[in-house]
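Trainee: Everything below, folded, please.
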Amino acid sequence: MERIIINGFFGKGNCGDEAILHTWYEKLSPEFRIVASVDSDLFERPGNFENNKIYHSIDLIHNRRLDIFCREDIKAYIIGGGGLGLGFGIEQWLHASIRNKKMFYLGTIVHEEFLIGDEHMYQINKNFFKSFNYIMVRDHISKKNLKEKFGVDSDNYPDIAFALTPEKTNFSLPKKFMTVTVRDNGNNDKDSIMKWLEKIKKFAKERTCEIIYLPFDKTDKFLLKSIGIEIPEEYQQIYWQPKMVKYIMSKAEMVFSLGRFHPLVFSLSTGVTCYYIQCQETDYSWRYDKNTQDKSFNILNDWGLSKHYLTNDDIDCKFRKNSKFYAVAVESQKRIIEFFDNLKEKINK
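Mentor: Reported below is the predicted structural model:
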């Protein structure tokens, strides 16, 4: 079976990135053997990823390995998630290019990291983007940047994890519940977090809903513990099971994300109303600017749901369900299916 190498931020227990890898595997493994190119440090400091079943279904290589591109069974090289590019994918990109492999830059964003520097850096970035057989970005700003700054065409489709199939949990869920995710970004405003959580708790109580706290990596779990929220055993390492996380959110009355991007992806793709809350101490004056580079604002803005992006200035807001999330789910499923059909055709061409 021919193989596809996918370079991404995998194997670290970040639920969003694990969701991307699970989606790649689910959609492409019937036709190709999946090779995940991961951070070299994972081989030096093994972790919980070794016990996750998906890592027994794919091949793993470290992202400094280059000789593999000499193999004839390597069908394509994909830089496949987040804002990767001239980061830890650069060496493999170079060798894939030298060996004339098909190359794809997919599910990414092209924001300020590619738009700074001198003329020399501009030419490097331009040559980088022009080397790909196909580029798909996940917001309209990235598409615009590629065209206007580098003269490169691209498609704009939903995040890869829109296509992830939910998987039923092996434990029971409450009859009515809401989910809350709080991101630990190393610079948290705990006072603001506590105010928002109290507001969400009051809202849930009024609607007789329980709250399920879903950590998207282990640091989120530690942050919640530091503010007095203990995570039940069944959710302790739920971030390794993105299909179950998506299932839980799909059954929720509402979803609240304090700083995490992929709860938006899961809610938008399953039709569940979500509020994204940016509760850091920062300047929010740009938030409704159409040229903003905040990925969470962008995804909501692209779907006409920018009012579901909140900051500390919005603490007095009223939470409401929004039927447009269901309409987005219907449309997004059509678009993400179209993307994978197009991609398979381009790989096999």
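Trainee: need the longest helix for the protein.
Mentor: When the chain is parsed with DSSP state H, its longest helix is helix 324-348.
Trainee: Mind listing what's buried along it?
Mentor: 325, 328-329, 332-333, 336, 339-340, 343, 347 (16 or more other C-beta atoms under 10 Å). From N, CA and C alone the C-beta is placed, and that goes for glycine too.
Trainee: What segments of the chain are helices?
Mentor: For the chain, the helices defined by DSSP H cover 15-28, 41-44, 90-98, 119-130, 140-150, 190-206, 218-226, 242-250, 262-270, 295-302, 324-348.
Trainee: Please identify which of those helices is closest to Ile277.
Mentor: Closest of the helices of the chain to Ile277 is helix 190-206, at 5.5 Å (criterion: C-beta to C-beta).
Trainee: Quick one: residues in contact with the longest helix of the chain.
Mentor: Around helix 324-348, the neighbours that count as contacts under C-beta atoms under 8 Å, 6 or more residues apart in numbering are 4, 27-28, 31-32, 75-76, 102, 104, 106, 133-134, 136, 155, 157-158, 160, 162-163, 267-274, 303-305.
Trainee: Show the buried residues in these.
Mentor: 4, 27-28, 32, 75-76, 102, 104, 106, 134, 136, 157-158, 160, 162-163, 267-274, 303, 305.
Trainee: if we can go back for a sec, in a markdown table: the buried residues of helix 324-348, plus distance to Leu173 and pLDDT.
Mentor: Listed next are the buried residues of helix 324-348 as a markdown table, based on distance: C-beta to C-beta, whole Å; pLDDT from 0 to 100:
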| residue | distance to Leu173 | pLDDT |
| --- | --- | --- |
| Phe325 | 20 | 98 |
| Val328 | 24 | 98 |
| Ala329 | 20 | 98 |
| Ser332 | 24 | 97 |
| Gln333 | 23 | 96 |
| Ile336 | 26 | 97 |
| Phe339 | 31 | 97 |
| Phe340 | 29 | 97 |
| Leu343 | 34 | 97 |
| Ile347 | 38 | 96 |
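Trainee: okay, now the domains of the protein?
Mentor: Taking automatic domain parsing as the reference, the chain has its domains at 3-161+335-348, 177-330.
Trainee: Thank you kindly, that will do.
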